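Student: using only what follows, build the 3D model:
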Amino acid sequence: MTTPNNHSTAPGGLGRRGLLKYSAGAGVLAATLSRQSTAAPSITPDIDSAAWSPEYVRSIAGTLTVDTAAECAKVVPLNHAGRLTYWYVGPNEASPRLDHVIDAQFWAAFAKTYPNITVEKQSYTYDQILDKLRTAALGNAAPMVARLMLLWSPELAAKGFLHELRPEDVGYPTTEFWPAAMKSVTWRGKTYGVPTNNETMALIWNAAIFQAAGLDPEKPPATWDDLVAYSKLIKQKTGKNGYGLVARRNAGNTPYRFMPQCWAYGGGALDEAAAHPDYKTVTIANAGSNAALQASYDMYVRDKSVPVSALTNTQVENQDPFIAGQLAMMISHPSEYAIMVDRANRVTGEDRQTADAVVANMRYGLIPKGPARRAVVFGGWNAHIFNPAVVEGKLDLDAARAFVAFMTGPEWSTKLAWTGSNPGNTRGFRTTWMQQRLEQIRFLDVTTSMLTSGIPFPVIPESGEIMNIVVPDMLQNALTGRMSVAAAADQGSAEPGLIQCRITLCPPQRWVLNTHERARYPPPAESGRVDGVALEGVASAIEAPEQVRPGHFADARPQGCETGHAGVD
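Tutor: Got it, this is the predicted structure:
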């Protein structure tokens, strides 16, 4: 439900050498983040972090009763008459059937709670919505509210697209939400959203393939080194692929699976795995990152124990071989079980027998640990209200607040996360709905117990490009043999010499124009490019990067930026 199948990022490249350049400039930016991330997110006050485990998650479920309408009425009267526009990534053909059912129930329940609010909703695919929002906001045609993956929040806030929004604005204390989730909606000391759901993934394996390879069918690999060895043994003994490696460029599935491995070995992109990261230090070339990359290389090149199509695979491409009994291990959400059940129900004959056997032999366990730690990406989604200046029409703030309050309360943050995530509002863990989920969804307690091992991606606007372009490029360069493992991890000499930076990347956000160009700001609407902007001379400072249209000032650079050209998006 949260793991992306295809994550499109902003235009404009940030090469690995650019990442090294970036670290120097990131100090100013990082200072504004007030050391926002932690290596393992602490739990909210009413949850015992020391006891957090599958057993503890089950023990607290069903201990809380919630009246959603009464809670929302304290924020916005239930008779409020208004209009709301909303964009989100809704269920699609790959989603479990239950996701479609719950989505329909949500809209019916909101209409019953707020019958006088008219909602105009639009569902986009994961790889569409961010670019759609960028374009819409630049054209003052953004929706009032959107539900977006947490990786995107810093960029949109930095560009001025978002309205300030705290949990308290919709009736909930900030302490009801995971600290790591709140960091994802915080930019320069201000809060721009409310978490809707948060989750972590787990290792999934086929016990029957383990047994056929001579492995204990009920025991997953304890370490990443073990996983490499298991994958090799499975390939040798059964001819089947051991691990569902994912290395596709510009696809969110890749960093969601590689970064836990990288962090486990002591690596990273920046210093996001540190207890108090400042995002000044690049760790993508350290010994831990080298070790993680070497492990992937060993599986793909040396052992040939993973799909040869891994370079273009997302998690979706792992599903067919897994349900066919041809893949032993993969990393995913609890929703993967529901997806496999659905797939089994859609086939007949011998294929049905095989699929049923795979479902019966599915097991979930903790993601392997490494020499440094056990780690997993702390993922999730956030609800945002957009800045009135970029919203199409007039922002109905009360309608927006009513909707966010309804969506992020303990009831619907639990229900909307039913098959593959967890409630963003941590009171949801105590509800009867969470209790029902645990009873209905196999292995949910395992993935939930990984939350305390969660590490958020760097809370910076460029996180999406770092994770979905820089990290996969490193993998691709090593696995294809374009570079050695060491060269790929060490930023690679084959990267282009011209490294682009972007407005949100190189603080301070002051663009240098010579005197004759001042009259051309703001840029002419929807026209082409303004090229040849001088990089020196008497300057006027432009402090409103959100007003700059894509492609404009393509040859300008931020004042103080060391990387030359700048592509603005």
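
Student: show the model's pLDDT score for the closest residue to residue 444 other than its chain neighbours.
Tutor: Nearest non-adjacent residue to residue 444, counting by Cβ to Cβ, 6 or more residues apart in numbering: residue 334, 4.6 Å away. Any C-beta I mention is one placed from the backbone N, CA and C, and that applies to glycine too. With respect to pLDDT, residue 334 has a value of 83.

Student: next one: the one 10 residues further on
Tutor: The pLDDT attached to residue 344 in the predicted structure is 95.

Student: that one reaches residue 352, doesn't it?
Tutor: Yes: counting by Cβ atoms under 8 Å, residue 344 touches residue 352, with 6.6 Å between them.

Student: of the two, who's got more company?
Tutor: residue 344 (19 against 13; other Cβ atoms under 10 Å).

Student: secondary structure element for that one, which one?
Tutor: helix 335-345 (DSSP states H and E).

Student: and that helix, what does it pack against?
Tutor: helix 97-113, helix 316-323, helix 349-360, strand 362-365 (3 or more Cβ pairs under 8 Å, 6 or more residues apart in numbering; DSSP states H and E).

Student: mind checking which of the ones you listed is nearest residue 220?
Tutor: Residue 220 lies closest to strand 362-365 among these, at 3.7 Å (Cβ to Cβ).

Student: ok, now how distant is the closest residue in space to residue 172 that isn't next to it in sequence from residue 68?
Tutor: Counting by Cβ to Cβ, 6+ apart, residue 172 lies nearest to residue 425, which is 6.4 Å off, once chain neighbours are set aside. Between residue 425 and residue 68 the computed distance is 11 Å (Cβ to Cβ, to the nearest Å).

Student: show me the common contact partners of the two, please.
Tutor: 409-410 (Cβ atoms under 8 Å, 6 or more residues apart in numbering).

Student: neighbour count: the two, which is higher?
Tutor: residue 425 (29 against 16).

Student: what's the burial count for residue 199?
Tutor: When neighbours are counted by other Cβ under 10 Å, residue 199 registers 28.

Student: er, residue 197 I mean
Tutor: Residue 197 has 29 neighbouring residues, counting by other Cβ under 10 Å.

Student: contacting residues around it?
Tutor: 1-2, 380-381, 413, 416-417, 421-424.

Student: any idea how far residue 489 is from residue 374?
Tutor: On the measure of Cβ to Cβ, residue 489 and residue 374 end up 22 Å apart.

Student: all strands of the stretch 401-550 of the chain, in order?
Tutor: 454-455, 511-513, 540-542 (DSSP state E, counting those that start in this stretch).

Student: the last one - what's its average pLDDT?
Tutor: Here the mean pLDDT over strand 540-542 is 31, rounded to a whole number.

Student: with the second one instead?
Tutor: When pLDDT is averaged over strand 511-513, the result is 31.

Student: cool, the shortest one as well?
Tutor: The average pLDDT within strand 454-455 is 92.

Student: so for the closest residue to residue 324 other than its chain neighbours, what's the pLDDT?
Tutor: Closest residue in space to residue 324, ignoring its immediate chain neighbours: residue 354 at 6.4 Å, by Cβ to Cβ, 6+ apart. For residue 354, the model assigns a pLDDT of 96.

Student: check contacts around the residue nearest to residue 444.
Tutor: Applying Cβ under 8 Å, 6+ apart, we find residue 334 in contact with 202, 364, 419-420, 441-444, 446-447.

Student: so where do the strands sit in the stretch 251-400 of the chain?
Tutor: With DSSP E, counting those that start in this stretch as the criterion, the stretch 251-400 of the chain has strands spanning 327-332, 362-365, 376-377, 379-385.

Student: poorly predicted segments of the stretch 401-550 of the chain, please.
Tutor: 491-550 (pLDDT under 70).

Student: let's see that with 50 instead.
Tutor: The stretch 401-550 of the chain contains residues with pLDDT under 50 at 492-550.

Student: quick one: residue 270 and residue 286 touch, right?
Tutor: No: at 11.0 Å, residue 270 does not count as touching residue 286 under the criterion of Cβ under 8 Å.

Student: same drill for the two, tell me which one is more crowded.
Tutor: Each of residue 270 and residue 286 has its neighbours counted (other Cβ under 10 Å); residue 270 has more, 26 against 18.

Student: check the gap between the more buried one and residue 485 for me.
Tutor: 20 Å.

Student: ok, residue 306 next?
Tutor: 16 Å.

Student: next: residue 54.
Tutor: Counting by Cβ to Cβ, the gap from residue 54 to residue 485 is 36 Å.

Student: with residue 446 instead?
Tutor: 32 Å.

Student: go on, residue 212?
Tutor: 31 Å.

Student: between the two, which one's more packed in?
Tutor: Neighbour totals were compared for residue 212 and residue 485, and residue 485 leads with 21 against 16 (other Cβ under 10 Å).

Student: list the contacts of that one.
Tutor: 290, 293-294, 297, 478.

Student: before we move on, what about residue 223?
Tutor: The neighbourhood of residue 223, defined by Cβ under 8 Å, 6+ apart, consists of 368-370.

Student: now with 6 Å, please.
Tutor: 368-369 (Cβ atoms under 6 Å, 6 or more residues apart in numbering).

Student: bridged to it, which residues?
Tutor: With DSSP bridges as the criterion, residue 223 is bridged to residue 369.

Student: can you give me the pLDDT of it?
Tutor: 98.

Student: then residue 39?
Tutor: Model confidence at residue 39 (pLDDT) stands at 39.

Student: let's have the chain start at 51 instead
Tutor: Got it, first residue is 51 now, which makes that one residue 89.
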